[in-house]
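Undergrad: Give me coordinates for this.
(chains A and B)
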Amino acid sequence: MKLDLHCEMILDEYRAKLPVFEQLKTVVLSQLHRCLDEHNLLVSGLEARIKTETSLSGKLELKGYKYHTLDDITDILGARIITFYSDEVDLISALVEKLFEIDWENSVDKRKMLETDRFGYLSLHYVCRIPRKLYNDPSMPELNQIRFELQMRSTLQHVWANMYHDMGYKSEVEIPVEYQRNMSRLAGMLELVDEQFSRIRREITDYRRNVQSLVASGNFNEVPLNGDTFRSYLELKPFHRLAQKIASINQAELYEDSLMPYFKVFYLLGMKTIGDIQNLRNKYSEGAYQLALLQLAGTGLDIVACSVAIQNLCIVAILKQGFGEAGLQRLFGLVYGESDYNAQRAHRVFEQAQKINLIQ
Amino acid sequence: METIINNESGKTLVVLKGRIDTTNADQFQQDIAPLMEGEHPDIEIDCSEMTYTSSQGLRIFLLLQKSVNARGGIMVLRNMNPQVKEVFDITGFSNIITIL
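TA: From the prediction side, this is the model:
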């Protein structure tokens, strides 16, 4: 590739400033990571690259006349944030506006550039600088002068852009018209899917908020049992009193562990509402305690997990409902995974339950 | 109580022999201290020759599990005899620690 003197000078400038670009890349990524963490925002991707010399040479060969110096090229450092949902792009861009200095004249919202009857590349591009109040290295003052490009788009917008880039954009081969049409159709479809994902996410968030209020109100018989309602119910610590009573057998320390594995047990026991679980708890708490007393008294074991309470409640419920050893084996399989040991454990617990008349 | 630690292709293999009780829990904790840090958090513990664990032993397993979780690793206890397993079952520790 033969470049004119002007372009060669820009390339020389690029080579000389590479260490600054490397440092800028590190600063941009670390500041973005910190900002996203502070706002508890999960993104699908956060990446940055420095344009290679070959790529820059190609750009200069095509339109080097447009640039007076290297500073006029704003995408030597390019960063990208890929969100899960399309409606998160605006949220992230608002944070970026507070974080970096934005060169509005050269920033572009490609989502608003397409005509209403056109479908294609959707992405928000900001040209930014690092403000001194955010990062200041006296040995590298030019770091705050250099502009870089930050793209923000959703995962599906990213998929489309990648495919387009791979198959057409910047390609030396002219894309046939019918192929362009197919890409536009795909862009339209992905835009619809993106919108639907955002809508479903909003609806689930609303549903969870409603569930939390319903559970907190204590009208358990009106709350259907599902993963969300069970999680909200557990926040009320409904098994804690029983766990404390069990811990008191050996004056034991109580360790809080996850009770979520028991959701599927209650579900298979035929519980339809949170009220059903509440009734089961009230009905079988004494039996669950008696079983723990038999197992723990005299052992000197002075640490127990909170899940002992719910585990013993399920054991008693299974035995009282007449499911016997086979039912216990199924319980252990559901909670701890299938293994030969479950049969042994079921047999041992069944024998213990017989001693305290828990068998129906 | 004896603790044998081996490293094999990014995973730590531990063999436990004997009882873990008040008399040797501190020693056990010292023995496994190196497993609480390091780049390779995956740990497999062979318990076939472990004959008992007290609450102190359970607490040390819990510490180790938390350390492994914090580093994104997986810890499994294997070949535990039914008597030792019963200790994990009746304390609810089978719900916290993966026993295969």
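Undergrad: So for the residue in the stretch 151-300 of chain A that chain B sits nearest to, what's the nearest residue that isn't a sequence neighbour?
TA: Chain B sits closest to residue A:295 of the stretch 151-300 of chain A, with a gap of 4.1 Å, by Cβ to the nearest Cβ. Quick note: C-beta positions are derived from backbone N, CA and C, even for glycine. Leaving out its chain neighbours, the residue that sits closest to residue A:295 by Cβ to Cβ, 6 or more residues apart in numbering or on different chains is residue B:90, at 4.1 Å.
Undergrad: Then residue B:6?
TA: Closest residue in space to residue B:6, ignoring its immediate chain neighbours: residue B:13 at 4.7 Å, by Cβ to Cβ, 6+ apart.
Undergrad: okay, now the one you found: neighbour count?
TA: The tally of other residues near residue B:13 (other Cβ atoms under 10 Å in any protein chain shown) stands at 15.
Undergrad: what about it, which helix or strand?
TA: Secondary structure from DSSP states H and E places residue B:13 in strand B:11-20.
Undergrad: Flag every buried residue along stretch A:67-81.
TA: The neighbour-count criterion (16 or more other Cβ atoms under 10 Å in any protein chain shown) identifies A:67, A:70, A:73, A:74, A:75, A:76, A:77, A:78, A:79, A:80, A:81 as the buried residues of stretch A:67-81.
Undergrad: Kindly report the same for stretch A:143-153.
TA: Residues of stretch A:143-153 classed as buried: A:143, A:144, A:146, A:147, A:148, A:149, A:150, A:151, A:152, A:153 (neighbour count, 16+ other Cβ under 10 Å).
Undergrad: Surely the second one and residue A:131 touch.
TA: What it means is residue A:144. Yes - when contacts are counted by Cβ atoms under 8 Å, residue A:144 is listed as touching residue A:131 (7.0 Å).
Undergrad: and chain B, which residues reach chain A?
TA: When proximity is defined by Cβ under 8 Å from any Cβ of the partner chain, chain B lies next to chain A at B:54-55, B:58-59, B:62, B:82, B:85-87, B:89-96, B:99-100.
Undergrad: now those: which count as buried?
TA: The neighbour-count criterion (16+ other Cβ under 10 Å) marks B:54-55, B:58-59, B:62, B:85-87, B:89-96, B:99 among those as buried.
Undergrad: Let's see which of those residues end up in strands.
TA: Per DSSP state E, strands hold the following members of these: residue B:99.
Undergrad: From the buried ones among the residues of chain B next to chain A, which land in helices?
TA: Counted as lying in helices by DSSP state H, out of those, are B:55, B:58, B:59, B:62, B:85, B:86, B:87, B:89, B:90.
Undergrad: Closest to residue A:35 out of those residues?
TA: Comparing these against residue A:35 with Cβ to Cβ places residue B:62 closest, at 35.1 Å.
Undergrad: gap between residue B:37 and residue B:70?
TA: Taken as Cβ to Cβ, to the nearest Å, the spacing of residue B:37 relative to residue B:70 amounts to 10 Å.
Undergrad: Over to residue A:290?
TA: Spatial separation of residue A:290 from residue B:70 under the definition Cβ to Cβ is 37 Å.
Undergrad: So for chain B, the centremost residue is which one?
TA: Against the mean C-alpha coordinate of chain B, by Cα atoms, centre = their mean, the closest residue is residue B:61 at 4.8 Å.
Undergrad: Any chance you could note which residues of chain A sit beside chain B?
TA: Within chain A, the positions lying close to chain B (Cβ under 8 Å from any Cβ) are A:252, A:255, A:257-258, A:261, A:292, A:295-296, A:299-308, A:311, A:335-336, A:339, A:341, A:344-345, A:348.
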